[in-house]
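J.: One predicted model, sequence on top.
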Amino acid sequence: MILTSKETDLLKDMKEQEELCIEKYTRYASLAKCPELSTLLNSLADTERKHLTTINSMLAGNEPAAPGALSENNALATACTYSDADAKKEDKFLLSDMLSTEKHVSSVYNTGVFEFKSPAARRMLSHIQAEEQQHGELIYAFMNANGMYS
């Protein structure tokens, strides 16, 4: 796949965003007060690592393989038992930051979907965007289950 300079720039931005998500999810998993939140954040970091692999492959000129079906998100949000209000407040901060990050990352992919000439690339970017939206849904569900979303 031969990339235009605009497509290359967009992929580089996506790569930076994925690297940032991985770093944040990994750090926040270690800071989370609720063990179930730590598990969720580590799981989301794993998905972001897959996205990064795909973006790096596209930057190398590889046509992306057809994306698989988006997995159904039937996970029930876990209600945590917090020892004190400060611990809950700290987890809320982490989740609020990640929800904001996911909103931004989703918009970056949205732009890519409209800017790439390759139908396979557009399908892959759309698939990744849908997964980013799923991440936001999981974060929202966790926040809502724990009285952190208003």
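T.: Sure, I can see it.
J.: contacts and neighbour counts: CA atoms only from here.
T.: Will do.
J.: what stretches of this protein score poorly on pLDDT?
T.: Within the chain, the ranges that satisfy pLDDT under 70 run 73-76.
J.: For it, just list every one of the helices.
T.: Using DSSP state H, the helices of the chain run over 5-31, 35-59, 85-115, 119-145.
J.: So for residue 71, which of these sits nearest?
T.: Among the helices of the chain, the nearest to residue 71 by C-alpha to C-alpha is helix 119-145 (8.6 Å).
J.: same for the closest one, what does it pack against?
T.: With contacts defined as 3 or more C-alpha pairs under 8 Å, 6 or more residues apart in numbering; DSSP states H and E, the packing partners of helix 119-145 are helix 35-59, helix 85-115.
J.: Dump the helices of the chain to CSV, plus distance to residue 72.
T.: Formatted as CSV, the helices of the chain follow (distance: least, C-alpha to C-alpha, whole Å):
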stretch, distance to residue 72
helix 5-31, 21
helix 35-59, 14
helix 85-115, 18
helix 119-145, 9
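J.: Nearest to residue 77, out of these?
T.: Closest to residue 77 of the helices of the chain is helix 119-145 (C-alpha to C-alpha; 4.9 Å).
J.: Pipe the helices and strands packed on helix 119-145 into a markdown table and attach mean neighbour count per row.
T.: Compiled in a markdown table, the helices and strands packed on helix 119-145 are given as follows (neighbours: other C-alpha atoms under 10 Å):
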| stretch | mean neighbour count |
| --- | --- |
| helix 35-59 | 19 |
| helix 85-115 | 17 |
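J.: any chance of the ones you listed in JSON lines, with distance to residue 138 too?
T.: Output for those, formatted as JSON lines (distance: least, C-alpha to C-alpha, whole Å):
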{"stretch": "helix 35-59", "distance to residue 138": "8"}
{"stretch": "helix 85-115", "distance to residue 138": "9"}
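J.: So for residue 122, which of those helices sits nearest?
T.: Residue 122 lies closest, by C-alpha to C-alpha, to one member of these: helix 85-115, at 4.8 Å.
J.: ok, so what distance separates the residue nearest to the spatial centre of the chain from residue 85?
T.: Central residue of the chain (C-alpha atoms, centre = their mean): residue 132, 4.2 Å from the mean position. Distance, residue 132 to residue 85, by C-alpha to C-alpha, to the nearest Å: 29 Å.
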